[in-house]
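Novice: Sequence unavailable; structure follows:
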Ligand SMILES: CC(=O)SCCNC(=O)CCNC(=O)[C@H](O)C(C)(C)COP(=O)(O)OP(=O)(O)OC[C@H]1O[C@@H](n2cnc3c(N)ncnc32)[C@H](O)[C@@H]1OP(=O)(O)O
Ligand SMILES: N[C@@H](CCO)C(=O)O
């Protein structure tokens, strides 16, 4: 355990943290936030929040920026002193758009995740992983856990909370739940509430995992994990993350690995595949190697439940308290999972009716991750003007 005073690079957390090496080689910090009551009832008895941070928190505790990761993202937004690029590399750092000479930047792992924050693979009080005993958690629960983390770090209010996709849902929920603690909020490629179609795509993914024979009701940690189900879930998801145009242009009907297309069908020796099949197999393989299936379910179900207006009246009523928050709402023009119309709906319901910025990308939903320069340009024009 390092005392905050001896841990260079940040300042004045009210609680000590422990450190370990995170994904990508970054310094992953962990703080216990105690018991967390849950929106759906019950509580998680002992929650640890894991995060990476860059820059230094000022004395007033008001120069902090929270960046929220997407579904399978990690805390590794930026390379910093580590060995691997972050998922928004170039946005955060000395002299970058979010200048760490001025701002203290935090990215926390979502509640239920598998990158350090308490989730289904964490060890429960009896010394065994939670597995099937991990409770249903919501986006709102994660935000409450993040608010506790902010308290422990001495962050009175965020200069900005920024996120894409599920990260955008968490950013929006922060503004609605704690409007007095969020001065600026960027919601990118996201929405006010998950739609029927988003829930439907998610259900197919969750069922793919649950029906894997290795799933064992979620208690698979002492056996083989449900890799086939998780891989299938990633394939379904990844198709929704990319556009038809991108897949067509990139792969067409081409065959992978020397197979031939004859009379319009694949005629191949052995296990040859269409190129797009090979690509999806690769995406599945990559995720299976870095993600826990129970966490995938927990976070997916949290996102299915996302509805910023739940229990708060109409969408306009739910957002009324955010009048003092400066918003950026942005959509990827080719997004067929979080349609730009959903960003329009959200923006129209915000007090002050914010215009929707467009990220021009042929890629589809994942454009919020691949078009880093466009996201950076938007943030520079809005929240981070010199
Ligand atoms: C280990 C970690 O970094 S985890 C934490 C970071 N992850 C996150 O934050 C999650 C969000 N990130 C993502 O979802 C992705 O990284 C994205 C959207 C940003 C980019 O997606 P990518 O998969 O890198 O890009 P893309 O769609 O171009 O795929 C490239 C990969 O497909 C492979 N590929 C391309 N065509 C084919 C094919 N025909 N057959 C097989 N593989 C193929 C490439 O070799 C490349 O493999 P690699 O990633 O192992 O080098
Ligand atoms: N590719 C991203 C998209 C989710 O919005 C992820 O895996 O987190």
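Specialist: Arrived safely. On a predicted model such as this, the values are computed, not experimentally measured, just so you know. Ligands and ions are numbered 1, 2, ... in the order given.

Novice: Below-threshold pLDDT in the protein: ranges please.
Specialist: Scanning the chain with the threshold set as pLDDT under 70 gives 1-15, 268-270.

Novice: how near is the residue nearest the centre of it to residue 368?
Specialist: By Cα atoms, centre = their mean, the chain has its centre lying nearest to residue 70, at 2.0 Å. From residue 70 across to residue 368, the span is 8 Å (Cβ to Cβ, to the nearest Å). C-beta: built from backbone N, CA, C; applies to glycine.

Novice: related to what we said a few turns ago, contacts only, for the residue nearest to the centre of the chain.
Specialist: Contact partners of residue 70, counting by Cβ atoms under 8 Å, 6 or more residues apart in numbering, are 163-167, 368-369.

Novice: Out of those, which sit inside helices?
Specialist: Among the contacts of residue 70, the members falling in helices (DSSP state H) are 166-167, 368-369.

Novice: rewinding a little: hey, what's in contact with both of residue 70 and residue 368?
Specialist: The contact lists of residue 70 and residue 368 share 164-165, where a contact means Cβ under 8 Å, 6+ apart.

Novice: How is this structure partitioned into domains?
Specialist: The chain breaks down by automatic domain parsing into domains covering 5-194+307-382, 199-300.

Novice: Point out the most buried one among the ones you listed.
Specialist: Ranked by average neighbour count under the criterion mean count of other Cβ atoms under 10 Å, the domains of the chain are headed by domain 5-194+307-382 at a mean of 20.

Novice: Does stretch 124-140 reach ligand 2?
Specialist: No. Using Cβ under 6 Å from any ligand atom, stretch 124-140 never reaches ligand 2; the gap is at least 13.4 Å.

Novice: Now tell me what touches that stretch from outside.
Specialist: Residues from elsewhere that reach stretch 124-140 (Cβ under 8 Å, 6+ apart): 38-40, 42, 44-46, 111-112, 119-123, 166, 169-170, 173, 177, 217-221, 294, 298, 301-303, 305-306, 310.

Novice: Check stretch 301-312 too.
Specialist: Against stretch 301-312 from outside (Cβ under 8 Å, 6+ apart): 71, 110-112, 136-142, 166, 169, 172-173, 176, 191-194, 198-199, 202-203, 206, 315, 317-319.

Novice: The same query, at a cut-off of 7 Å, please.
Specialist: Contacts to stretch 301-312, defined as Cβ atoms under 7 Å, 6 or more residues apart in numbering, come from residues 71, 112, 136-139, 142, 166, 169, 172-173, 176, 192-194, 199, 202, 206, 315, 318.

Novice: repeat for stretch 143-155
Specialist: Looking at stretch 143-155 with Cβ under 7 Å, 6+ apart, the contacting residues turn out to be 12-15, 31, 33, 36, 47, 49, 51, 57, 61, 64, 108, 111, 170, 173-174, 177-178.

Novice: from the chain's centre, how far out does it sit?
Specialist: On the basis of Cα atoms, centre = their mean, to the nearest Å, stretch 143-155 sits 17 Å off its chain's mean C-alpha point.

Novice: Repeat that for stretch 65-82.
Specialist: Counting by Cα atoms, centre = their mean, stretch 65-82 comes out at 9 Å from the chain centroid.

Novice: what's the answer for stretch 59-79, then?
Specialist: 10 Å.

Novice: One more: stretch 145-161?
Specialist: A distance of 17 Å separates the centroid of the chain from that of stretch 145-161, by Cα atoms, centre = their mean.

Novice: How about stretch 139-150?
Specialist: Centre-to-centre, stretch 139-150 and its host chain are 14 Å apart (Cα atoms, centre = their mean).

Novice: anything in stretch 242-257 near ligand 2?
Specialist: No. Stretch 242-257 stays out of contact with ligand 2 when judged by Cβ under 6 Å from any ligand atom, the minimum separation being 9.3 Å.

Novice: Next: stretch 298-317.
Specialist: No. Using Cβ under 6 Å from any ligand atom, stretch 298-317 never reaches ligand 2; the gap is at least 8.9 Å.

Novice: repeat for stretch 81-90
Specialist: No. Stretch 81-90 lies out of reach of ligand 2 by Cβ under 6 Å from any ligand atom, never closer than 8.3 Å.

Novice: so how far does that stretch reach from one end to the other?
Specialist: End-to-end distance of stretch 81-90 (Cα to Cα, to the nearest Å): 13 Å.

Novice: who touches that stretch?
Specialist: 24-26, 73, 76-79, 96, 369, 372, 376.

Novice: and the closest residue to ligand 1 within the stretch 101-250 of the chain, what does it touch?
Specialist: As assessed by Cβ to the nearest ligand atom, ligand 1 sits closest to residue 241 within the stretch 101-250 of the chain, at 6.7 Å. Going by Cβ under 7 Å, 6+ apart, residue 241 touches 337, 364-366.

Novice: for ligand 1, what are the nearby residues on this protein?
Specialist: 23, 70, 72-74, 76, 87, 256, 275, 278-279, 282-283, 286, 290, 366, 369-370.

Novice: Keep only those of those residues that are in helices.
Specialist: Short answer: these in helices (DSSP H) are 275, 278-279, 282-283, 286, 369-370.

Novice: Reformat those residues as TSV; add distance to ligand 2.
Specialist: Output for these, formatted as TSV (distance: Cβ to the nearest ligand atom, whole Å):
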residue	distance to ligand 2
275	20
278	19
279	14
282	14
283	9
286	10
369	6
370	9
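
Novice: Now do the contacts for the residue in the chain sticking out farthest from the centre.
Specialist: Here the centre of the chain is the reference, and by Cα atoms, centre = their mean the most remote residue is residue 263, at 43.5 Å. Going by Cβ under 7 Å, 6+ apart, residue 263 touches no other residue.
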